[in-house]
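> coords below, sequence missing:
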């Protein structure tokens, strides 16, 4: 059976996603800790109780709880039960800025690892209405770390004519938008960002230290200069368990 029909419980349909059932279940349990439904110090329901509530195998519940234990959110004690020991670290959350100024600031405590340096490579062309492609681009691949964990993988493509004026060390400390913003003589006339949700393939799961098919957020960014040329194309992927999108409603 795929859905729970326990009085007072939320119905769960695991069939709607390709993400493994135990990963979906871990996300549900993690939200309970975040929301305070499972408070720090509190004993949570047993594996048998959770299996009945969610109508999944006991082994699936154990796999989900393994993920929470790895994150140090719970601790298991023989003959005593499982207790909440911490809440998800809010300082590990990464806010995806929805305005220009937010794109200029890297989260506190972030280190940037360079995986690919300045190779000539063209990005996949975005919507032609956004801007015209540059003749050549340089490609940089970067992995961002925080609290000892990788949380973001980014592919940066910058117009080769612009890239020639950028100090290579800038890629080790600054966001792409900040690099462009601080470059003398370059005027960014327009910038665009799109966020979509997906799941981690084997290569991505290894790079971001995630379970296979774990949720991720794909972000596509672009910047156009005053002449309508796409001077920057960015393709980034965030771990789904750390990303947060805040938008002020007008």
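The structure has been received and is ready for your questions. These numbers were taken from a predicted model, which means no experiment stands behind them.
> was I right about residue 239 contacting residue 153?
No. With contact defined as Cβ atoms under 8 Å, residue 239 does not reach residue 153; the gap is 9.1 Å. (Glycine included, C-beta is placed from N, CA and C.)
> Now for the protein, the helix or strand with the poorest mean pLDDT.
strand 94-95 (a mean of 62; mean pLDDT, DSSP states H and E).
> Could you pull out the buried residues of the helix or strand following it?
The C-terminal neighbour of strand 94-95 among helices and strands, as given by DSSP states H and E, is strand 111-120. By 16 or more other Cβ atoms under 10 Å, the buried positions in strand 111-120 come out as 112, 118.
> Could you spell out the sheet neighbours of strand 111-120, each with its direction?
Strand 111-120 sits in its sheet next to strand 137-146 (antiparallel), going by DSSP bridges.
> what packs against the helix or strand following the strand it pairs with?
Downstream of strand 137-146, the first helix or strand assigned by DSSP H and E is strand 149-159. Contact analysis of strand 149-159 by 3 or more Cβ pairs under 8 Å, 6 or more residues apart in numbering; DSSP states H and E lists strand 137-146, helix 176-181, helix 202-207, strand 229-239 as its packing neighbours.
> Flag the shaky bits of this protein, pLDDT-wise.
1-19, 88-108, 246-250 (pLDDT under 70).
> can I see the domain layout of this protein?
14-84, 90-244 (automatic domain parsing).
> Please compute how far the last one lies from its chain's middle.
Averaging C-alpha positions (Cα atoms, centre = their mean, to the nearest Å) puts domain 90-244 12 Å from its chain's average.
> Once you drop chain neighbours, what's closest to residue 126?
Spatial nearest neighbour of residue 126, chain neighbours left out: residue 222 (5.5 Å); criterion: Cβ to Cβ, 6 or more residues apart in numbering.
> Next, the buried residues of the helix or strand hosting that neighbour.
Taking DSSP H and E as the definition, one finds residue 222 inside strand 215-225. Residues of strand 215-225 classed as buried under the neighbour-count rule (16+ other Cβ under 10 Å) are 215, 216, 217, 219, 220, 221, 222, 223, 224, 225.
> If you count contacts, what does it end up packed against?
Against strand 215-225 (3+ Cβ pairs under 8 Å, 6+ apart) you get helix 176-181, strand 188-199, strand 229-239.
> Pick the most buried one from the ones you listed.
strand 229-239 (a mean of 22; mean count of other Cβ atoms under 10 Å).
> Okay, angle between that one and strand 137-146 too, please.
Calculated by axes from the mean of the first three to the mean of the last three Cα atoms, to 10 degrees, strand 229-239 forms an angle of 30 degrees with strand 137-146.
> hang on, the residue nearest to residue 126 packs against residue 234?
Yes. The pair residue 222 / residue 234 is scored as a contact, 7.1 Å apart, by Cβ under 8 Å.
> Now the residue sitting furthest away from the middle of the chain: which helix or strand?
Of all residues in the chain, residue 79 has its C-alpha farthest from the mean position, at 37.1 Å, by Cα atoms, centre = their mean. Residue 79 is part of no helix or strand when elements are defined by DSSP H and E.
> so how far is stretch 58-65 from its chain's centroid?
Distance, centroid of stretch 58-65 to centroid of chain: 24 Å (Cα atoms, centre = their mean).
> Going forward, count from 24.
Done: numbering now begins at 24, and the last item shifts to stretch 81-88.
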